[in-house]
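Colleague: structure of the sequence below:
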Amino acid sequence: MLTWLIEPLEFEFMRQAIAIGLSLGILGAVVGSYLILQQMGMMSEVIAHAVLPGISIAFFLEINIALGAFIAGVLSALVVMGIQKRSRIKVDAAMALTLSSFLAMGVILITTLKTDQINLNDILFGDILGVTIGDVWRTVIITIIILVLTKLFYKELEFYTFDPLGAKACGLPVNLLHFGLICAITLTIVASMQTVGVLLVMSLLVGPAITAYLLVKELFQMMFFGSIIGMISTVAGMYSSYYFDLPSGAAIVMVIFVFFLLALLFSPSQGLVTEPEFKSKIFNYLNRLIGK
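Modeller: Residues are numbered from 1 along each chain as shown. Next up, the predicted model:
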């Protein structure tokens, strides 16, 4: 048993992959909790796809790819917010158009700028086994910064999350808080790209958070248990990838999905199996079978 656990840790790439996975498990759950409660899931999907043109331009200009991805992600969110406020277009339509437009722009830029060295597979699906020690430290620093800011502004963020109109009436800078959340979502997506890629990053953001949402009622508990679920999922996904030769990002996402299904079925307060109506239906069905 111990050999099975220790063997993967003998390799440096596995140690680095697990380290970055643990950080992202915490980061994704904390940011994802706010994202779920504010119903911003589609916004994060827009940002995830919008980083592609930023990556292309950054690679062409030979600047930090993460910086280019961050700027493009924030810009896409601002475009959606601008369309929503300045026109009659509904927010879901604005998000759909922005997502596809930024994605198309990224494909065009990759083609026209001749950025052939960009590995689209790594961007779309991730390559956690290829992370460097620099990637690990960058992710750890981002995680620490967001955790510290969340701690400092927890009450304001909680008030804004559950009652944005009340927060605005009390004089809280709701626009600044919203922009801060957009930046946090973008940073999380940029940090997660190497792990699961832009196509699967939503699961890392949403999965642990909604799983915890089914189990607890308080925001802090949601972030705490979501972090535990996220960390266990990344480690279990990495071990599954190592022993069963599976794609690392996809393995992590599937473990998260399994946890979600278990919570959906067996949550003490919201589980489909544990709810009284389900028990009564099973009891009545068994009675009918016995009666026959």
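
Colleague: from here on, just use CA atoms for contacts and neighbour counts.
Modeller: OK.

Colleague: what residue ranges in the stretch 51-200 of the chain are flagged as low confidence?
Modeller: The model of the stretch 51-200 of the chain has pLDDT under 70 over residues 114-120.

Colleague: mind listing the strands for it?
Modeller: Using DSSP state E, counting those that start in this stretch, the stretch 51-200 of the chain contains no strands.

Colleague: need the longest helix for this structure.
Modeller: helix 174-215 (DSSP state H).

Colleague: next SSE downstream of that helix?
Modeller: Per DSSP states H and E, the first helix or strand lying C-terminal to helix 174-215 is helix 219-244.

Colleague: what's that following helix packed up against?
Modeller: Contacting helix 219-244 under the criterion 3 or more Cα pairs under 8 Å, 6 or more residues apart in numbering; DSSP states H and E are the following elements: helix 12-37, helix 174-215, helix 248-266.

Colleague: would you mind giving those helices as JSON lines with distance to Ser56 and mean neighbour count added?
Modeller: As requested, the helices and strands packed on helix 219-244 are arranged in JSON lines below (distance: least, Cα to Cα, whole Å; neighbours: other Cα atoms under 10 Å):
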{"stretch": "helix 12-37", "distance to Ser56": "24", "mean neighbour count": "24"}
{"stretch": "helix 174-215", "distance to Ser56": "14", "mean neighbour count": "23"}
{"stretch": "helix 248-266", "distance to Ser56": "22", "mean neighbour count": "20"}
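
Colleague: what sits against the closest residue to Leu204 other than its chain neighbours?
Modeller: Spatial nearest neighbour of Leu204, excluding adjacent residues (Cα to Cα, 6 or more residues apart in numbering): Gly28 at 5.9 Å. By Cα atoms under 8 Å, 6 or more residues apart in numbering, the contact set of Gly28 is Thr188, Leu204, Leu205, Val206, Pro208, Ala209, Ser227, Gly230.

Colleague: make TSV out of these and add distance to Leu78.
Modeller: Converted to TSV, those look like this (distance: Cα to Cα, whole Å):
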residue	distance to Leu78
Thr188	17
Leu204	23
Leu205	20
Val206	21
Pro208	27
Ala209	25
Ser227	28
Gly230	29
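
Colleague: wait, what's in contact with Thr139?
Modeller: Counting by Cα under 8 Å, 6+ apart, Thr139 touches Ile20, Ser23, Leu24, Ala191.

Colleague: now do the third one, the pLDDT please.
Modeller: This means Leu24. If you check Leu24, the pLDDT there is 92.

Colleague: touching, it and Ile144? I think so.
Modeller: No - between Leu24 and Ile144 there is no contact under Cα atoms under 8 Å: 10.9 Å.

Colleague: alright, that wraps it up for me.
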